[in-house]
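Peer 1: Predicted structure and sequence below. I'll ask about it afterward.
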2 protein chains.
Amino acid sequence: MSAEAHAPAQPLEIQPHDAPVGTVKPLRARTDTAEIDSTIIHPGSVKINVKGAFIVDQEPSSPPGTLRISSSAGSHDTKDIRLPNHTAVVSHIAVDIGGSLAKLVYFSREPLSREPGGRLNFMNFETDRIDDCIDFMKQLKLKQQKLNGSRPGELCVMATGGGAFKYYDKIREALGVDVIREEEMECLIIGLDFFISEIPREVFTYSETDPMHFAEPRSDIYPYLLVNIGSGVSMIRVSGPREFKRVGGTSLGGGTLWGLLSLLTGAKTFDSMLGLAETGDNAKVDMLVGDIYGTDYGKIGLKSSTIASSFGKVFKMKRGEESQAEESPGLANGSSVAESSEMTSHSEDVDAKDSRPPFSDADISRSLLYAISNNIGQIAYLQSEKHSLSTIYFGGSFIRGHRQTMNTLSYAIKFWSNGQKKAYFLRHEGYLGSVGAFLKRQPRNWGRRGSFEDGIVPQMGTQARDEARSSSPVMDYPGS
Amino acid sequence: MSAEAHAPAQPLEIQPHDAPVGTVKPLRARTDTAEIDSTIIHPGSVKINVKGAFIVDQEPSSPPGTLRISSSAGSHDTKDIRLPNHTAVVSHIAVDIGGSLAKLVYFSREPLSREPGGRLNFMNFETDRIDDCIDFMKQLKLKQQKLNGSRPGELCVMATGGGAFKYYDKIREALGVDVIREEEMECLIIGLDFFISEIPREVFTYSETDPMHFAEPRSDIYPYLLVNIGSGVSMIRVSGPREFKRVGGTSLGGGTLWGLLSLLTGAKTFDSMLGLAETGDNAKVDMLVGDIYGTDYGKIGLKSSTIASSFGKVFKMKRGEESQAEESPGLANGSSVAESSEMTSHSEDVDAKDSRPPFSDADISRSLLYAISNNIGQIAYLQSEKHSLSTIYFGGSFIRGHRQTMNTLSYAIKFWSNGQKKAYFLRHEGYLGSVGAFLKRQPRNWGRRGSFEDGIVPQMGTQARDEARSSSPVMDYPGS
């Protein structure tokens, strides 16, 4: 099995991480009995203190082409977020089940640490292996009970994404718990607002010379465009807290890249596809302006190196190969179909390029990565123009901190906007929806910038709303 | 050789077609000696009378899925345009050499017909076989001399597209004639304006219930957006006669479809790819909204059948296949690489689906055709919004009168614009550039609608400009 990228985490133990030194002074000590009691007495409301939250950077180095390490333990994302001021019992987990991946977020205490608080943990599973995800949640439920002192049956699952509907009954039955379904787009936006407003060193711009330039916190975050790239792509105009509209999208997304590359190359994981793209030369398969003109097309500002047609060299080169085969008597034995199919199936030996047509897995991967990323970038720019949005955030599991992807998206926004607009990325890009589901139903004035206003806290119970009206930096929602 | 689609025409004879009954009364008889002499004395100027031009429909029936017949003689397009009032010698041909195809337009007299005038003929060649195209032009030169009474050396080649630069010396040397290069975008626009303004029953809208609804002639044709789909896609905002700007484009065009499908399927010609797409079911490879949600995503208006991710089912299904192979002891012999490559090379026997994964050539073709067409449609819509253009023309050799392509493009424009905008198609969609080059440098007030104004006839010599100022419906340009 070479499923490094999307395999479920093994083992299923919840291992508390070594507590890093926080940048924020602990305000409170550990949860006391009264607080646990209070939570048990009022099980409908769980408080999460997000004040002073920060990203736990565990690995200092990164492999080429990525800005982070994929955990060798599977799909456990290493960029946990520490909540140093949260000490209360947390008895819920959140999952965002998309077309390809299920993204899980849960809070864990750190009993071995002398620091207070705990952390948000991030995991992902392939949606096709949803049973593994559910098994993990089962384990989590047992551990949570021990670790956090909650009682059996108390765990609540917040679920969003299409799978929250498709697998609703399955999850409820398997876990024997309540499953609260939340609207996908709203969760994405709540999650993104949380990351923009609350987490330092989360949002960044990318350029080749300055690959991770963290954005300054800003008070005027609205309006903006969120481009969420998963299997498909959704584009959402956000005009205020929980004020949003899906304005468009494209079906040419991560699923397209993964699907086509799994047909065209020997790569079996998305990370290996990205690895191939690192070393490829798209000019071997793409038709460039220079291939058509022999030079620049200066009059309309197209450089010789501009891609005129993605994969535009393939058809003619295949035709050329076949013509040659027909012209060589020794080869003209009617086996051109077999030969041509062989051309697409050179996954066994990428090195044996000389005897094959010049379409290497690497060249194909790079070309398709460029094509999909450029296309998303252009549509994002055009949507931002239509809706007068100058800030564009890119989220979703497609990006994976991959330099080429971010570079292409950034370049597209810069190119089309004549440098007027910027692409912003997030270190937790894949977890907007699950964090949003986790945080759903926030009181006003929580967090660093108090960006949430009164009156836009729908679906809250009376108790929760009362708590929301207090200005304490405590998050609240009616749980199970 | 199964190269039906793009092969050069054989034989190279110029066969005058049977003259159809024109809808316009002949105004003049055949060319007289004085006129021939006049043309010979002033070789710098050739007059073409476009008055009363109409399309010669030779084949009444069409094969399934296309609105016209591809000539079995190769790439000779059958929709000639008859110029019943043109009688002068024409000693020039025009060629638009793109990344994949070279499109040729030439005028021929009809010596066997008792009708006056002649017709414009349309041919295409693969750009990689430019030598065939040049050979054809050589034959044309010899025939033209006999047929039209012109003298050796008189032929002039108007050339546009990238190949006009790349193959400039080659064509000049091979033919021993002048080659006049014209700017690509300008030729596209001149050609399109000609078709819109001069040729009845040329421009149409497409819908499933009314596949070829001819547009009424209109006097206010500007502004509009031209989306020219060849190997790549150019989008051009046209605000008046010869007032235009390339505002965008995408590298995901015809070359992408041809290239990827030649890698993924056994199809060797573009027409066979379109044929495959006719019978395919994209839901076998695309991830639909229903696949993710199990139902509609009603809240944001996405139907269950909406494509969420093109090819989004492939990666997971391939993974599933491989897991199964691993779990079956008899198959788990480490040959999964070979097995997976076999999955992509099922070109020999499309029928033997049962033993293969469910990605048929037909399903793949349909999915990719949808993806590319939808994407072009969306970007075209967004560009039309940005530039406040309500009319969108689709041209270029990608469309080929193919119903699914036109349906997808039409649907995309209708969907995104909420029914406010329409997609227009042309029967000579692939020949905008070559006809534009053929017609380059028109006098004002020519044609049906007199849409060309004074003062916007650049690059004309004094003689041509003087002739342009006469209001006769005669086209004029400085030739060789």
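Peer 2: Great, that's in hand. Numbers count the residues shown, from 1 in each chain, chains lettered A, B, ... in the order given.

Peer 1: going forward, measure contacts between C-alpha atoms and count neighbours the same way
Peer 2: Fine.

Peer 1: what's A:Gly161 sitting at in phi/psi?
Peer 2: A:Gly161 adopts backbone torsions of phi 80, psi 170, taken as degrees, to the nearest 10.

Peer 1: and it, what pLDDT?
Peer 2: The model reports A:Gly161 with a pLDDT of 91.

Peer 1: Tell me how many other residues surround it.
Peer 2: Residues lying near A:Gly161 (other C-alpha atoms under 10 Å in any protein chain shown) number 26.

Peer 1: contacting residues for it?
Peer 2: The contact partners of A:Gly161, taken as C-alpha atoms under 8 Å, 6 or more residues apart in numbering or on different chains, are A:Asp96, A:Ile97, A:Gly98, A:Glu182, A:Glu183, A:Glu184, A:Gly433, B:Tyr293.

Peer 1: ok, so what distance separates A:Leu389 from chain B?
Peer 2: Distance of A:Leu389 to chain B, given as C-alpha to the nearest C-alpha, to the nearest Å: 13 Å.

Peer 1: ok, now A:Ile81?
Peer 2: Distance from A:Ile81 to chain B, by C-alpha to the nearest C-alpha: 29 Å.

Peer 1: Quick check: that residue touching A:Lys51?
Peer 2: No. Using C-alpha atoms under 8 Å as the test, A:Ile81 is too far from A:Lys51 to be in contact (11.7 Å).

Peer 1: My guess is A:Val105 contacts A:Phe125. True?
Peer 2: No. Contact between A:Val105 and A:Phe125 fails when scored by C-alpha under 8 Å: they sit 11.6 Å apart.

Peer 1: After the longest helix anywhere in chain A, which helix or strand is next?
Peer 2: Identified as the longest helix of chain A according to DSSP state H is helix A:361-386. Proceeding C-terminally, helix A:361-386 gives way to strand A:391-395 as the next helix or strand, assigned by DSSP states H and E.

Peer 1: Show me what counts as buried in the next helix or strand along the chain from that next one.
Peer 2: Downstream of strand A:391-395, the next assigned helix or strand under DSSP H and E is helix A:403-416. Neighbour-count burial for helix A:403-416 flags A:403-416 (criterion: 16 or more other C-alpha atoms under 10 Å in any protein chain shown).

Peer 1: Could you tell me the angle between helix A:403-416 and helix A:361-386?
Peer 2: 40 degrees (axes from the mean of the first three to the mean of the last three C-alpha atoms, to 10 degrees).

Peer 1: Helix A:403-416 vs chain B: in contact?
Peer 2: No. On the criterion C-alpha under 8 Å from any C-alpha of the partner chain, helix A:403-416 is out of touch with chain B, staying 8.7 Å away.

Peer 1: Which elements pack onto that helix?
Peer 2: Counting contacts by 3 or more C-alpha pairs under 8 Å, 6 or more residues apart in numbering or on different chains; DSSP states H and E, helix A:403-416 is packed against helix A:361-386, strand A:422-426.

Peer 1: Identify whichever of those lies nearest to B:Asp210.
Peer 2: Ranking the helices and strands packed on helix A:403-416 by proximity to B:Asp210 (C-alpha to C-alpha) places helix A:361-386 first, at 30.6 Å.

Peer 1: so does that closest one get close to chain B?
Peer 2: Yes. For helix A:361-386 and chain B, the contact criterion (C-alpha under 8 Å from any C-alpha) is met by A:Ala371, A:Asn375, A:Ile379, A:Leu382, A:Gln383, A:Glu385, A:Lys386.
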